[in-house]
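*Asks:* Generate a structure from the sequence data that follows.
(one chain, ligands or ions: 1)
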Amino acid sequence: MTAELTEPPTVPARTTRRTRILRRVAAPAVLLATAGFVAVAADAADAAAGCRVDYTVNQWSSGFTGNVTITNLGTAINGWTLAWDYAGNQQVTQSWNSSYTQSGAHVTLKDAGYNAAIATNASVSAGFNATYSGSNTAPTAFTLNGVACTGATAPTTAPTTTAPTTTPPTGDPWNPPAKYVGPLASTWQHQEDTYADLYGFRNYLFDQVMAANGSINYCVRWESTATVTATLRDQIQTAVQRQFQKWVDQLNENGTGWNRWPYKQVPVKVVGWAVRDRNQLQWSDSSVDIYVNDINEGAPQCSAPCGRFFHQDGNYSGCPGGAAHHYDLSLWLTQGMGIGGAGGDWGQRIDKDYFVNALNTDNIHILLHEMGHSWGLNDFYDFDPLPSEGFVMKAGSATQITEFDKWMLRDFWRHLKNRYGL
Ligand SMILES: [Zn+2]
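*Replies:* Numbers count the residues shown, from 1 in each chain. Below you'll find the model as predicted:
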C-alpha cells in the first residue's frame, strides 16, 4: 500500500462528522503544547533512601503529561509507592505503568504490579496526565515507600528500609510485552494530542458493540455499476464477519475476555445493501434490506434513519423495519478507488475490486486497517512509535493484525471500559 486516503475525497457537511476520529490535524490544545513545550526536570536525592526521581512534563495551557523515572540507588525493592505534593492546583486525571490517587495536593503513584521490582541501579518509569491552571511548578521533594528520596549519593549510614511483605496490588492488568510499554505510552499520548475529544467521543466501535449487546450490523454501499449475485452477497457477509472477528480476537486471551472485555464472538450481519439500481442485485429474496438510489457523497447510501452514525441515541423509530433493521456500520465499496481506504465510526471504505478479489484471503489487510480506525486507532504517517516493526495500523507495513496492534486495541479498551461499568 503506497498511499491511503483518510477522508473521502468529497467533504459534504456530514462528512466532517464522519471523519472526525480520523483526523490527524492537531487540535488547538496540541498547537499550544508544541509551541509552549516546557521540560521541567527535578532531580532530587536522598542519601538514606538511595533513590533518584526524574520528573519531566510536557505541558500546554491547561494540562500536561508528566513522566517520572525512579532510579533505585539502594538495595533491590519489590513494590513501590512514590509520593509528592504540588504547590499549585495540578490534578492528575490518569496514569499509566502505575495507579494513582490524589488527595488535595498530595499525589501517590503505585507500581502496576509488573513493574513492582526495581533492582539496584535500575529504573522504572511511569506517566500521567493532569490538568492545571496558573503555573505548573514541579514538585521539589519525593518519597519512595515513605522515605524521602532526595539524593543520588550513596548512604553513609545504612537505611532501615523494610521489604514489603505483602504482594503488591496488581491493579489494572496492563501487561504488554516490555518492549511495547514505551511505544504504547507514546502512542496513547499521540492520540491524546491529535484527537479532538478522545475521552468524550462516544461512537467508537467499542461503544457500538456494547450498545448492540455484542453484535454488529453492516450495510453495504455498493458504489459500482457491477451486478451482485446472491453468492457474492453471501461471500461478502462471510468475509466481513471473519475480518471483524480478527479484531475481536485481540480482546480475548485463552478464551476469556481480556480485562473484562465481555464478548468472545461478535456476530456480524450484513442487513442491507444500497445500490443505484435494484436490478444490479440478482436475488429476489428478502434476506437483506435494499435501498435504491439514495445518493450521498456521490454514492448509494443505506437509509439514514436506520444508521447508528445518524442516530447514536439508538432511536431507530424512523427506520422502516425498526431497530432490528438498523445498521451500525457502512461497508462502502468503491469501484476504481485503488489501493487505499478510509475508516471511522461510520464504517469502512475500500476499493470494490480489491475487496472482491480478496474475499477468500485470510487477511484482507486494507479492510483490517480501516476497521482499526473504527475501533478508534490512529494512523501513523507522521509518527512512528515502533520503527523496528510493522503493524497493520502503520499503513503498508504489515498485512495482518500484529501483537502491537493487539496491545493498542487493548489500551483503548482499558481506557474506555469504565464507561460500561466494567
Ligand atoms: Zn489509515
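*Asks:* what's downstream of the lengthiest helix in the chain, the next helix or strand?
*Replies:* Criterion DSSP state H: the longest helix present in the chain is helix 230-249. Sequence-wise, the next helix or strand downstream of helix 230-249 (DSSP states H and E) is strand 252-253.
*Asks:* List the pairing partners of that next one within its sheet, with orientation.
*Replies:* strand 256-257 (antiparallel) (DSSP bridges).
*Asks:* residues of the helix or strand following the partner strand that come out buried?
*Replies:* Toward the C-terminus, strand 256-257 is succeeded by strand 268-275 as the next helix or strand (DSSP H and E). Neighbour-count burial for strand 268-275 flags 268, 270-275 (criterion: 16 or more other Cβ atoms under 10 Å). Heads up, the C-betas are built off the backbone N, CA and C, glycines and all.
*Asks:* one step back: can you give me the offset of the longest helix of the chain from its chain's centre?
*Replies:* On the basis of Cα atoms, centre = their mean, to the nearest Å, helix 230-249 sits 23 Å off its chain's mean C-alpha point.
*Asks:* Need the contact partners of that helix.
*Replies:* Helix 230-249 is contacted by residues 216, 218, 220, 263-270, 273, 281-283, 285, 288, 331, 355-356, 358-360, 363-364, 367-368, 371-372, 375, 400-401, 409 when judged by Cβ atoms under 8 Å, 6 or more residues apart in numbering.
*Asks:* same check, this time on stretch 406-420
*Replies:* Taking Cβ under 8 Å, 6+ apart as the rule, stretch 406-420 contacts 94, 172, 174, 176-177, 180, 184, 187-188, 199, 202, 204, 206-207, 210, 247, 250-251, 258-261, 372, 375-377, 391, 393.
*Asks:* Next, the buried residues of it.
*Replies:* Using 16+ other Cβ under 10 Å as the test for burial, stretch 406-420 gives 406-417.
*Asks:* okay, these in TSV with distance to D345, pLDDT and secondary structure next?
*Replies:* Putting the buried residues of stretch 406-420 into TSV (distance: Cβ to Cβ, whole Å; pLDDT from 0 to 100; DSSP: H, G, I helix; E, B strand; the rest coil) gives the following:
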residue	distance to D345	pLDDT	secondary structure
K406	21	98	helix
W407	22	98	helix
M408	17	98	helix
L409	15	98	helix
R410	19	98	helix
D411	18	97	helix
F412	13	97	helix
W413	16	97	helix
R414	20	96	helix
H415	16	96	helix
L416	13	96	helix
K417	18	95	helix
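*Asks:* Contacts only, for G307.
*Replies:* Listed by Cβ under 8 Å, 6+ apart, the contact set of G307 reads 219, 326-327, 330, 346.
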